[in-house]
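**Q** Quick one, structure for this:
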Amino acid sequence: MVGSLRTQLLALLAVTGTGVLAASCGGDGGSNEPPPSGITIAVIDGDGQEAIVGQELGEPLVVTVTDGDVASVGSTVTWSATGGGSVSPTSATTDASGNASTTWTLGTTAGLQTAQATLSGAGGSPVSFTATAFADQPAALSKAGGDQQNASLNGQLPLPVQAKVADQFGNGVPEVPVGWTATGGTVSAASVPSDAVGISSVTVTAGAAAGPITIVATAEGLTGSPLTFSATASEAPITAAVSVANFQFTPDALTISAGTTVVWTWTASALNHNVVPVASEPLGSGPPADGPKTYQYKFNNPGTFVYYCAVHGSPTGGMRGTITVQ
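**A** This next block holds a predicted model:
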């Protein structure tokens, strides 16, 4: 009886021990071990600031480093200004809260600039910061385009005349008034503020007299002001037309003033024609050709000039023409 009871107790202990062992080993496949640790880095403060080029940002750049859910103390964070400027310090150790910081002095180029914080082996590394750099105070006025152009009398210069307002680093400065005047022509506006990239622009129309045009841009207190641009007004070229058709120049007799350019135009159906001078002018148009085609020659010297088609004319008859220059 006693032996039987002892046997039952041993069996019960064996079953209980097996159950405890099974539970301690996971039983249903779970684990009582803590999750693996992981160090990560993240931005805390200082992103998205604005300042003048070359100046220090008002707030430091701050990151936090954690190991799981716990602040990581003593981690070394490396800082760099990747898109302009400088940082100080370039290396910082995380404090009791897991934070590290630096100050950022922007570079001298206006626009978006970037900086980074790096922690070797950390999740999320490197992290980036951006800042917007604005141009400094206006310092200089310079030519940006439109100098040394030509226009016909009362005609507009082909390109706008442009002046750039810049800070000490060459960045364009907006909203600076620039005054404009012209001698020998007219400007489209007496004052034009600089645009987003620092450009002030006017169109210029030549006057009624041939000769030089002087355009002046002025911005008070700026180096380079007043700024002078030059242009030239000239008479429009004078042309006369001759049609080249089969067996005929039309008109075959033409009177022009010196300095006139004669333009010969082959009609679409004209076949195998050219312009050949009897003497030195006009210069020949080359081998006989079919239309459509054009050829031109400027007559600068007074006189009477005879020309003909080598295929259908001669110096004395057939397909020939006369140009009288007065």
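**Q** Which residue ranges make up the domains of this protein?
**A** By the record's domain assignment, the chain is partitioned as 39-134, 140-234, 239-325 (automatic domain parsing).
**Q** State the distance from the residue nearest to residue 260 when sequence neighbours are not counted to residue 261.
**A** Computed as Cβ to Cβ, 6 or more residues apart in numbering, the closest residue to residue 260 that is not its neighbour in sequence is residue 238, at 4.5 Å. Where you see a C-beta, it was placed from the backbone N, CA and C, and this is true even at glycine. When Cβ to Cβ, to the nearest Å is applied, the distance between residue 238 and residue 261 equals 7 Å.
**Q** same question, residue 205
**A** For residue 205, the distance to residue 261 - Cβ to Cβ - is 25 Å.
**Q** Over to residue 230?
**A** Applying Cβ to Cβ, the value for residue 230 to residue 261 is 26 Å.
**Q** Which of the two has more residues huddled nearby?
**A** Using other Cβ atoms under 10 Å, the more surrounded residue of residue 230 and residue 261 is residue 261, with 15 against 12.
**Q** Find the nearest non-adjacent residue to that one, please.
**A** With sequence-adjacent residues excluded and distances taken as Cβ to Cβ, 6+ apart, residue 261 is closest to residue 298, at 4.4 Å.
**Q** ok, that neighbour touching residue 258?
**A** No. The criterion here is Cβ atoms under 8 Å, and residue 298 misses it with residue 258 at 9.4 Å.
**Q** Next, format the domains of the chain as TSV and append mean pLDDT.
**A** Output for these, formatted as TSV (pLDDT from 0 to 100):
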stretch	mean pLDDT
domain 39-134	97
domain 140-234	96
domain 239-325	94
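**Q** ok, now which ones touch the most centrally placed residue in the chain?
**A** Taking Cα atoms, centre = their mean, the centroid of the chain lies closest to residue 197, which sits 10.6 Å from it. Contact partners of residue 197, counting by Cβ atoms under 8 Å, 6 or more residues apart in numbering, are 172, 174.
**Q** And the helices in the protein?
**A** Taking DSSP state H as the criterion, the chain contains helices spanning 2-24.
**Q** How about the contacts made by the residue nearest to residue 260?
**A** Residues touching residue 238, when contacts are defined by Cβ under 8 Å, 6+ apart, comprise 256, 257, 259, 260, 261.
**Q** can you check residue 98 too?
**A** For residue 98, the contact set (Cβ under 8 Å, 6+ apart) comprises 64, 65, 66, 70, 71, 72, 73, 75.
**Q** Could you single out the nearest of these to residue 163?
**A** Using Cβ to Cβ, residue 64 is the member of these that lies nearest residue 163, at 49.1 Å.
**Q** For that closest one, list each beta-bridge partner.
**A** residue 42, residue 99 (DSSP bridges).
**Q** how deep is it tucked in, by neighbour count?
**A** Residue 64 is surrounded by 20 other residues when neighbours are defined as other Cβ under 10 Å.
**Q** and it, how far is that from residue 39?
**A** From residue 64 across to residue 39, the span is 11 Å (Cβ to Cβ).
**Q** Need the residues that contact stretch 109-129.
**A** 38-43, 46-47, 53, 61, 63, 65, 75-85, 87, 100, 102, 104, 106-107, 130-135, 167, 169, 171-172.
**Q** at 7 Å what do you get?
**A** Outside stretch 109-129, the residues within contact range by Cβ atoms under 7 Å, 6 or more residues apart in numbering are 38-43, 46-47, 53, 61, 63, 65, 75, 77-85, 87, 104, 106-107, 130-135, 171.
**Q** Please check the residues you listed and keep the buried ones.
**A** In terms of neighbour count (16 or more other Cβ atoms under 10 Å), the buried residues within those are 39-41, 43, 46, 53, 61, 63, 65, 75, 77-81, 83-85, 87, 104, 106-107, 131, 133-135, 171.
**Q** chain center to stretch 289-305: distance?
**A** Averaging C-alpha positions (Cα atoms, centre = their mean, to the nearest Å) puts stretch 289-305 44 Å from its chain's average.
**Q** cool, and stretch 309-320?
**A** Its chain's average C-alpha position is 58 Å from that of stretch 309-320, according to Cα atoms, centre = their mean.
**Q** got the end-to-end distance for it?
**A** With Cα to Cα, to the nearest Å applied, stretch 309-320 spans 6 Å between its terminal residues.
**Q** Residue 277 bridge partners, please.
**A** Note on residue 277: beta-bridge partners by DSSP bridges are residue 307.
**Q** Show the contacting residues for it.
**A** 283, 284, 305, 307.
**Q** cool, residue 306 as well?
**A** Each residue near residue 306 by Cβ under 7 Å, 6+ apart is listed here: 278, 315, 320, 322.
**Q** Please report which of the contacts of residue 238 has the highest neighbour count.
**A** Note: the member of the contacts of residue 238 with the most neighbours is residue 260, at 19 neighbours, neighbours being other Cβ under 10 Å.
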